[in-house]
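A.B. asks: no FASTA, just this:
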């Protein structure tokens, strides 16, 4: 039975319809963009620039162009499904709508692996950056402080957190602009270290295989734009606002990532081959290029911005994780206590997400290879959930034809190509991440089987 003509907004549901608490509608388009960009982080390429430059043979800016296009398929599928199901829960809600309760639970379960651990990674990034600036204070102390501050803001409410987040985002954008202006001045004055087109064509022989291999890493910089959909029940302008914000954030992030990697590649004193031969230099390659060309003052400014920005990326991630737990609990897929709200905020779910992030972040902060372990597993959950998102588009519009004849481009070609890209990225992922993903999926299937046997659980 059709839900109406394609392109029409589905009426907004009552948040408390399933017996859970209600979320308060206070967010506008700007607030959604703030949360999305905070989660992504405007200078996300800083930490992975060296690795991408080495892997792509110097064509690092082209890598981000291709990665933006690749992730655009996922953004379009989000835009399709947020109109169909404008509720908290994001991919869990969409997969439930398009594929059924079982696949919906698995989509939410796999997304949990990403949403609950990404805040821990961001908190740890903040702690590492602050320890570099204040070596006398251990990174785990800075990590705990970041968790406490951002959790307090999230419990205060989504609107106040968005206001503070906007100020932090402005700071990050200003620092990025300072870098861009400084880099342009140096390039005009002293010239480029590499060829002017090398960030696109590479500083060695161009290799499409090398570029695609680097794209499999670069797409992970974009994880977070999807979190915007988690706030669908708290938006004042309807689901179209959410769809616009998802697409806008992805496009803006792509432009910012291209500009900064293009400029830093021109300033890079080492060739991509030299970076490939010295893996220990890849992590600090961005900072080293800034030091050598502009000066240590900009290095320190970027480090401070990254420390603050990472903490508030964790704020956005924690908020999204709380809403995923809230939505799954409200639909009785998780313990019902997680669906309780206070003053329109899912406080119980937020506190649970905060505790999990705190434990994971402090554990990783107190181990030399803790960050590596966390990063290796957070992405596989999100990518699996994205594949189920694409499947839900096909399920709802093409298989079930819930809105009449499907648009073959938006409802079949885009999700199929998008899913193929994501599967290719997962194949390129580290073996440890793949193992953790399979184990987490297995646990989820067991939980699903137990819940399915309970009367009224699904």
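C.D. replies: That came through fine. This structure is a prediction, so every number in the text was calculated from the model and none was measured.
A.B. asks: Run through the helices of the stretch 351-458 of the chain in chain order.
C.D. replies: For the stretch 351-458 of the chain, applying DSSP state H, counting those that start in this stretch gives helices covering 370-393, 408, 414-427, 431-453.
A.B. asks: between those helices, which one is nearest to residue 307?
C.D. replies: Shortest distance between residue 307 and these, using C-beta to C-beta, is found for helix 370-393: 14.5 Å. (Glycine included, C-beta is placed from N, CA and C.)
A.B. asks: Now whatever helix or strand comes next after that closest one: average pLDDT?
C.D. replies: Counting by DSSP states H and E, the next helix or strand C-terminal to helix 370-393 is helix 408. Helix 408 shows a mean pLDDT of 89.
A.B. asks: picking up where we left off before, now render the helices of the stretch 351-458 of the chain as TSV, adding distance to residue 242.
C.D. replies: Below are those laid out as TSV (distance: least, C-beta to C-beta, whole Å):
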stretch	distance to residue 242
helix 370-393	14
helix 408	24
helix 414-427	18
helix 431-453	26
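A.B. asks: got these as TSV, with mean neighbour count columns?
C.D. replies: Formatted as TSV, the helices of the stretch 351-458 of the chain follow (neighbours: other C-beta atoms under 10 Å):
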stretch	mean neighbour count
helix 370-393	23
helix 408	11
helix 414-427	19
helix 431-453	14
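A.B. asks: Kindly state which of those helices is positioned closest to residue 221.
C.D. replies: helix 370-393 (10.3 Å).
A.B. asks: the inter-axis angle of that closest one versus helix 431-453?
C.D. replies: 50 degrees (axes from the mean of the first three to the mean of the last three C-alpha atoms, to 10 degrees).
A.B. asks: Quick check: mean pLDDT of helix 370-393?
C.D. replies: Rounded mean pLDDT across helix 370-393 is 78.
A.B. asks: same check, this time on stretch 218-236
C.D. replies: Per-residue scores along stretch 218-236 average to 74.
A.B. asks: Check stretch 84-104 too.
C.D. replies: Here the average pLDDT along stretch 84-104 is 82.
A.B. asks: Residue 61 and residue 199 touch, don't they?
C.D. replies: Yes: using C-beta atoms under 8 Å, residue 61 is in contact with residue 199, at 3.7 Å.
A.B. asks: Spit out the residues that contact these two alike.
C.D. replies: 261, 262, 265 (C-beta atoms under 8 Å, 6 or more residues apart in numbering).
A.B. asks: any chance you could map the strands in the stretch 51-200 of the chain?
C.D. replies: With DSSP state E, counting those that start in this stretch as the criterion, the stretch 51-200 of the chain has no strands.
A.B. asks: And the helices in it?
C.D. replies: Along the stretch 51-200 of the chain, counting by DSSP H, counting those that start in this stretch, helices occupy 60-84, 91-99, 101-133, 139-156, 158-190, 198-201.
A.B. asks: which stretch among those comes nearest residue 411?
C.D. replies: Within the helices of the stretch 51-200 of the chain, the stretch nearest residue 411 is helix 60-84; the backing value is 7.0 Å (C-beta to C-beta).
A.B. asks: and residue 345, what are its phi and psi?
C.D. replies: Main-chain torsions, residue 345, degrees, to the nearest 10: phi -120, psi 130.
A.B. asks: returning to that earlier point: of the shared contacts of residue 61 and residue 199, which belong to helices?
C.D. replies: In this view, the shared contacts of residue 61 and residue 199 that belong to helices under DSSP state H are 261, 262, 265.
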